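# Sequence first, then the predicted structure:
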2 protein chains.
Amino acid sequence: MDTQELIKPLIQKNNTKILLVVLDGVGGLPVNGKTELEAANTPNLDALSRESACGLHIPVAYGITPGSGPGHLGIFGYDPLKNQIGRGILEALGLGLEVRKTDVAVRCNYATIKDGIITDRRAGRVPTEQSRLLTDRLSKEIRKIDEAEIIFAPGMEHRFAVLIRFPEPLKPDASLIPDTDPQKEGLYPVHPAPLSKNAERISLIVEKLISKAHDVLKGEEKANYILTRGFSSMPNIPSFKEAFGLSSVAIATYPMYRGLAMLVGMDTPAIEGSVEDEIRFLKEKYNEYDFFFLHVKKIDSYGEDGNFNGKVQRIEEFDRLLPEILKLAPDVLIITGDHSTPALMKGHSWHPVPVLLKSSYVLGRLCSGFSERECVKGELGIFPAINLIPMALANAGRLKKFGA
Amino acid sequence: MDTQELIKPLIQKNNTKILLVVLDGVGGLPVNGKTELEAANTPNLDALSRESACGLHIPVAYGITPGSGPGHLGIFGYDPLKNQIGRGILEALGLGLEVRKTDVAVRCNYATIKDGIITDRRAGRVPTEQSRLLTDRLSKEIRKIDEAEIIFAPGMEHRFAVLIRFPEPLKPDASLIPDTDPQKEGLYPVHPAPLSKNAERISLIVEKLISKAHDVLKGEEKANYILTRGFSSMPNIPSFKEAFGLSSVAIATYPMYRGLAMLVGMDTPAIEGSVEDEIRFLKEKYNEYDFFFLHVKKIDSYGEDGNFNGKVQRIEEFDRLLPEILKLAPDVLIITGDHSTPALMKGHSWHPVPVLLKSSYVLGRLCSGFSERECVKGELGIFPAINLIPMALANAGRLKKFGA
């Protein structure tokens, strides 16, 4: 029996508030003896950790480095192995597109083709400005193919995304089409042949899309062709409301994270600005929802850049804002990350992620601060991320007893 | 592969003794900074914990609050998710009935019916004394319906239980019958229609039972009808002997816990009295079994009442008796609870439960006392309850090597 099956019949409603703060990529590794969290001066997080249940969550599995998709699905209470999100979907979400159950999402590259052979898979890494103009042109020239609407979103350099939107929801397997990118220069593009019966209709449209795009781009010196990858449709997963009985809102300034929240049916208003702006929004909407997902992006960005001090400063900045959040006194407050991003590694990593859970029903007093090493001493232990939401529900009094 | 499948081929017999002491509901939460276990003066438990393997078990899953049934099944080595016990069975066991594989167990209420409509689902909460007399009358008037023997057990206030006992073991699905309790006053009782082919015969008997009971009770002002709920039969699970190769006895004064032990085929002599009486019985029977389940109920009862000091005193009382148990020097001694019952919450909770395992093969010296926070530091970590019995068997030298 999976976690959601187990808890669904136990869910009961009440008026409690649950706040999940995701400090993106917060987990780190020591540089000169201290991790980013240890090096940061965080009096508020430290005080809070002393009266909270602490531990570390494993986002996907031991040794597995999660992308942002699986990282968030786990802490949202969805098994990231059972609910895999296609690359096209993630790309489209990351570029700010609203993806629906009627859509096939595709990651695209501008490429150079000569005599039918791909001579440059990235069209000389087209500058972003120029790529944006090309995508605008495609967008104007190609609006519909057969019954499907075609939606373009420009990206960085040679990258962009396409949604193929049908009038009705897609059948299973409808997006089973191989990447047309041959992965090596000097080869023909791969034919987008359908890999299932349900993919046949989409395959025909993709063929036309590639050919029409080539017509539009054929005058370009380098970016005269498009390669398509990661065909995917929306995963069929229960909404946060269905699964956990919680009305929910995502407070996130980056489209990718709003997109991930949208996948599980959270409300995802477009928000801009700083973490302070996010907290202001949280306060404004505090009476309207049961569950709040507040996403703090920049900590991860500095980790990705290998900027240890920058990451430390972003953690300290959050710490200074924490008292504003605590004033709301949510019944359950969880602070954690979606994965670790040690500056030392300049990227995501597999390391378990510190977690702090504050409610009226914790032991506390086991950790003297909020860090990787202190959280090892905590009452939550080291546990799979998927258990975080059931624990939040329990601490909010939202789960009935199992069995008599 | 589940735990029992894994260990069954590894089981080997020897003359070791395993004693599992269940301090019902022992886990707690801090009140004025200390949990019940921390507040209690327990020199014997503390000394024992220093030379034991300690940790905390998760009875069912993260965030899940177990009833007594799933709580005990887990520490008996049975997956509480795969082996769910019906409400009727638990009620019958709790009222001291011996349930067999030939029985359908039913929870019943006295109710008031007027013109076919339920006007009071609890018959004005009939006083227990009066309810007992009514159940005696039913018991005398209704002894058999068709081929089935009907067995009544009186309960508290409006509650009682019935066993419908057939001459031969029941077929699968035989107890799939809806509750006749409409859950709200002002409605007709629900018809006990069979929900499966195998339930047809039982449905007919239930219909007759309700009608005969109404005949017996129709002169009563309030308790003139019975409502039936939680139709269930014995789960089909391997006995403790089959699963673990252990002859076993339950030493428990409360019928519910003897009943749970009976479910897994332990011997369940009727015992009355105090914990001292239980320990006396343990000593008397010490040569007769491999495995002893000794149940200490009252700690939970005070937790349920929200009586922090009462719970502390019951823990201290057990601590004073512990040396008597230690004199037996079992090869493996486990002391734990079936779930937490923090006085703060006046009920069962999801919190992991302290465990202490003493054998000749432990590390020890990691915890300075027996409490939730000390056990977090222990060598057993935080682990699913179902692993407790395999660890007991291993420490008793009763498991062979897996693989070559």
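Received it, and whenever you're ready, just let me know what you need. Residues are numbered from 1 along each chain as shown, chains lettered A, B, ... in the order given.
# Which residues are in contact with the closest residue to residue A:340 other than its chain neighbours?
Nearest residue to residue A:340 in three dimensions, chain neighbours excluded: residue A:27, at 2.8 Å (C-beta to C-beta, 6 or more residues apart in numbering or on different chains). For every residue, glycine as well, the C-beta is placed using N, CA and C. When contacts are counted by C-beta atoms under 8 Å, 6 or more residues apart in numbering or on different chains, residue A:27 is found next to A:35, A:37, A:56, A:337, A:339-342, A:349, A:351-354, A:372.
# Quick check: residue A:27 vs chain B, distance?
20 Å (C-beta to the nearest C-beta, to the nearest Å).
# For that residue, what are phi and psi?
In this entry, residue A:27 is assigned phi and psi values of phi -60, psi 150 (degrees, to the nearest 10).
# burial of the residue of the stretch 101-250 of chain A found nearest chain B, as a residue count?
When C-beta to the nearest C-beta is the measure, the stretch 101-250 of chain A has its nearest residue to chain B at residue A:244, with 11.0 Å between them. Burial measure for residue A:244: 26 neighbouring residues, criterion other C-beta atoms under 10 Å in any protein chain shown.
# what residues are up against it?
For residue A:244, the contacting residues are A:7, A:11, A:77, A:291, A:389, A:393, A:398, taking C-beta under 8 Å, 6+ apart as the criterion.
# Taking those together, which two end up most distant?
Between all members of these, the longest pairwise span (C-beta to C-beta) is found for A:7 and A:291 and amounts to 14.4 Å.
# The residue in chain A sticking out farthest from the centre and residue A:215, how far apart?
Taking C-alpha atoms, centre = their mean, the residue of chain A most remote from its mean C-alpha position is residue A:115, at 39.5 Å. When distances are taken as C-beta to C-beta, to the nearest Å, residue A:115 and residue A:215 turn out to be 17 Å apart.
# got it, and residue A:187?
With the distance defined as C-beta to C-beta, residue A:187 ends up 22 Å from residue A:215.
# now swap in residue A:186 and tell me
Per C-beta to C-beta, residue A:186 is found 24 Å from residue A:215.
# Can you pick out the residue with more neighbours from those two?
In this view residue A:186 and residue A:215 are compared by other C-beta under 10 Å, and residue A:215 has more residues nearby, 11 against 8.
# Keeping just the C-alphas, turn the helix or strand encompassing the more buried one into CSV.
Of the helices and strands defined by DSSP states H and E, residue A:215 is found in helix A:200-217. What follows is helix A:200-217, C-alpha atoms only, in CSV (Å, rounded to 0.1, in the frame of the first residue of the first chain):
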residue,chain,number,x,y,z
GLU,A,200,0.4,8.2,-34.3
ARG,A,201,-1.6,11.4,-34.6
ILE,A,202,1.0,13.4,-32.7
SER,A,203,3.8,12.0,-34.7
LEU,A,204,2.2,13.3,-37.9
ILE,A,205,1.9,16.8,-36.4
VAL,A,206,5.5,16.7,-35.2
GLU,A,207,6.6,15.8,-38.7
LYS,A,208,4.7,18.8,-40.1
LEU,A,209,6.0,21.1,-37.3
ILE,A,210,9.6,20.2,-38.1
SER,A,211,9.0,20.7,-41.8
LYS,A,212,7.1,24.0,-41.4
ALA,A,213,9.8,25.3,-39.0
HIS,A,214,12.5,24.5,-41.6
ASP,A,215,10.5,26.4,-44.2
VAL,A,216,10.4,29.5,-41.9
LEU,A,217,14.1,29.2,-40.9
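# And the contacts of it?
Applying C-beta under 8 Å, 6+ apart, the set of residues contacting helix A:200-217 is A:104, A:106, A:110, A:113, A:134, A:137-138, A:141-142, A:145-146, A:148, A:150, A:162, A:164, A:174-175, A:177, A:180, A:189, A:191-194, A:223-226, A:228, A:231.
# C-terminal to it, what's the next element?
Counting by DSSP H and E, the element after helix A:200-217 in chain order, helix or strand, is strand A:225-233.
# can you give me the strands in the stretch 51-200 of chain A?
Counting by DSSP state E, counting those that start in this stretch, the stretch 51-200 of chain A has strands at residues A:53-58, A:103-114, A:117-120, A:144-145, A:148-154, A:159-165.
# Quick one, which of those gets closest to residue B:266.
Shortest separation from residue B:266 across the strands of the stretch 51-200 of chain A is recorded for strand A:53-58, at 35.3 Å, computed as C-beta to C-beta.
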